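Enquirer: my questions are about this predicted structure, shown below with the sequence.
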Amino acid sequence: MAPVTEETAKAALIVYLIRRHRIGFPVDAAQLGFAIGTGFALVENLYYLRSLSDAGLVLWSVRGLGTAMLHGATTSIFAMISLTAANRHPDRRVAVLVPGWLAAVAIHSAFNHAPLPPVEMTAILLLALPVVVLWVFQRSEQTTREWIGAGLDLDLVLLEMFSSDSFAVTRFGAYLKQLRDRFPGPVVADMLCLLRVELELSIQAKAVLMAREAGVMMPRHPDAERAVAEIHCQSG
């Protein structure tokens, strides 16, 4: 199959996992992407094994290692880039997938068109692709950490603003005052409470994410379930 077709087939599984929120961090994306890629390589090698049953052990060893590393690395790269972009731009459902897909297709196509013998090409793949995957992983981790940190800082500022006496003179306070002319007072009060609860939950969630990236497992805040129940009650 052509690189475009193969990478699209593997990408579809990663997209499904991202849309279902089954991938949390770049390290998860790297692991799942490599597992999907090597699984695809296994199926592909079994297909070619039936067609080239007379090939020697050396050929199949070279092909098995080369294709496993190629498919695993390209799918990992696509998964990490797409997850990072989807987290930062959740409104761009399709555009965030394009950079990772193009990177995977480019690497795959370069391997298919390289004018080198199979043994040399496999050696290059085993040496070069892990370095590329590691670099993409580090960049994805850094971008995710910066995104979470910036969001946490903004949430803390907003929560402090809600708790301050000067909230009424801010743009948020002025907007809520305008809502009083359109909605009853209790409804506006519920809006304010909902914003505050969601801010508190967002801060707790981002703090847990940052702690997990540092290798620290934080316990769930005792008020988290109460806050979630309050949101469901107000939204219902």
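Expert: Cool, the structure landed.

Enquirer: identify the residue spatially nearest to A95, adjacent ones excluded.
Expert: Sequence neighbours aside, H89 is the residue nearest to A95 in space, at 7.5 Å (criterion: C-beta to C-beta, 6 or more residues apart in numbering). The C-beta positions use only the backbone N, C-alpha and C, and glycine is treated the same way.

Enquirer: doesn't V96 make contact with that neighbour?
Expert: Yes - contact between H89 and V96 holds when scored by C-beta atoms under 8 Å: they sit 5.4 Å apart.

Enquirer: what about the two, which has more around it?
Expert: Remark: of H89 and V96, V96 carries more neighbours, 21 against 11, as counted by other C-beta atoms under 10 Å.

Enquirer: OK, contacts around the more buried one?
Expert: Residues in contact with V96 (C-beta atoms under 8 Å, 6 or more residues apart in numbering) are S82, A85, A86, R88, H89.

Enquirer: any idea of the pLDDT on it?
Expert: The model reports V96 with a pLDDT of 89.

Enquirer: do the one 10 residues further on as well
Expert: The predicted structure scores A106 at 91 on the pLDDT scale.

Enquirer: quick one, helices of this structure?
Expert: Assigned by DSSP state H, the chain shows helices spanning 3-19, 26-51, 57-88, 98-113, 118-163, 171-179, 185-213, 224-235.

Enquirer: which helices and strands sit right next to the first one?
Expert: In this structure, helix 3-19 makes packing contacts with helix 26-51, helix 57-88, helix 98-113, judged by 3 or more C-beta pairs under 8 Å, 6 or more residues apart in numbering; DSSP states H and E.
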